[in-house]
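Enquirer: need a 3D model of the following:
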Amino acid sequence: MIRSSICSMIAIMVSCGPALADMDQVKCDKFIISVDADIVKMAEEKAGSLEQAESNICEAAGQFDVPTDEQEVHDIRIEPYGISTTIIIFPPN
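Expert: Residues are numbered from 1 along each chain as shown. Now for the predicted structure:
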């Protein structure tokens, strides 16, 4: 399952081009998401800590149902920073 997810992530990154090449994983309570590393850094700078930034990212992604077997791509807006981005949500292992 993990290998399949990794292969799928690589396929998405290749098909989307360099815009998704530098991704960070954020572990939320019910799922794992991949988000652009620059977005995570920007949110961290605005939040004052990585933990708070990740919490806000997870909260923004929490509006979607947890995927059961495949990753899903969604657009989110991270508040209170007003940062819009695209994320990939992976089902829990």
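Enquirer: remind me what the strand or helix carrying R77 packs against, helices and strands.
Expert: Using DSSP states H and E, R77 sits within strand 72-78. Applying 3 or more CB pairs under 8 Å, 6 or more residues apart in numbering; DSSP states H and E, one finds that strand 72-78 contacts helix 50-61, strand 83-90. For glycine as for every other residue, the C-beta is placed from the backbone atoms N, C-alpha and C.
Enquirer: can you lay out the ones you listed as a markdown table showing mean neighbour count?
Expert: Formatted as a markdown table, the helices and strands packed on strand 72-78 follow (neighbours: other CB atoms under 10 Å):
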| stretch | mean neighbour count |
| --- | --- |
| helix 50-61 | 18 |
| strand 83-90 | 19 |
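Enquirer: which one, of those, ends up nearest to A37?
Expert: Proximity to A37 (CB to CB) singles out strand 83-90 among these, at 11.0 Å.
Enquirer: report the distance from that closest one to the chain centre.
Expert: Per CA atoms, centre = their mean, to the nearest Å, the displacement of strand 83-90 from the mean C-alpha position of its chain is 5 Å.
Enquirer: please name every helix or strand in contact with it.
Expert: helix 2-16, strand 32-36, helix 37-47, helix 50-61, strand 72-78.
Enquirer: swap in 7 Å and give it another go.
Expert: Under the contact criterion of 3 or more CB pairs under 7 Å, 6 or more residues apart in numbering; DSSP states H and E, strand 83-90 touches helix 2-16, strand 32-36, helix 37-47, strand 72-78.
Enquirer: quick one: name whatever helix or strand follows the first one.
Expert: I take that to be helix 2-16. strand 23-27.
Enquirer: show me what that following strand is packed against.
Expert: Taking 3+ CB pairs under 7 Å, 6+ apart as the contact cut, strand 23-27 packs with strand 32-36, helix 37-47, helix 50-61.
Enquirer: can you pull the buried residues of the second one?
Expert: Residues of helix 37-47 classed as buried: I39, V40, M42, A43, E44, A47 (neighbour count, 16 or more other CB atoms under 10 Å).
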